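*Asks:* can't give you the sequence, but here's the structure:
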C-alpha cells in the first residue's frame, strides 16, 4: 500500500500536492483551503486545466455529489443558494441538503452582509 505523507500547516493537514497553494494562501491571510478550492465540478474556481469557471446559473445539483453541492453553496449568494436548493427539492431530494436549507440560506445572507460590496 502506498504511503501518503500529509503536511500540517497552521493545524490543517494537506496532501503533498496542495502544500504549495496552502502556503501561498497562508502568506496572504486567506485561510485554509476549502473544498471549493479543490476545483470540483461546478465550483466557481477555475478548473485545473485552465478553463474558465462555469456560470453559477448552470450549476445543476443533480449532476453533483452532496459534498460538491455543499462546496458550491459555500460560495454562492443567497439567490443562487435558494435556486440550487429548489432544484434539489424538485429533483434528487437528498435529505442531507434539504434538512440544512435554512442553515445554507443563513450562511449566504451572512456572506452578503459581511462582503463589504460596492
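*Replies:* Nice, I can see it. Since we're looking at a predicted model, the values are computed, not measured.
*Asks:* Low-confidence ranges, this protein, go.
*Replies:* In the predicted model of the chain, residues 1-4, 10-11, 25-57, 115-118 satisfy pLDDT under 70.
*Asks:* Helices of that one, start to end?
*Replies:* 19-28, 66-73, 78-90, 95-98, 101-114 (DSSP state H).
*Asks:* Pick the most buried one from the ones you listed.
*Replies:* helix 66-73 (a mean of 20; mean count of other Cβ atoms under 10 Å). Bear in mind the C-beta positions are built from the backbone N, C-alpha and C, glycine included.
*Asks:* now that helix and helix 78-90, what's the angle there?
*Replies:* Inter-element angle recorded for helix 66-73 and helix 78-90: 150 degrees (by axes from the mean of the first three to the mean of the last three Cα atoms, to 10 degrees).
*Asks:* Can you add distance to residue 9 and give the helices of the chain back as JSON lines?
*Replies:* Formatted as JSON lines, the helices of the chain follow (distance: least, Cβ to Cβ, whole Å):
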{"stretch": "helix 19-28", "distance to residue 9": "5"}
{"stretch": "helix 66-73", "distance to residue 9": "20"}
{"stretch": "helix 78-90", "distance to residue 9": "30"}
{"stretch": "helix 95-98", "distance to residue 9": "29"}
{"stretch": "helix 101-114", "distance to residue 9": "25"}
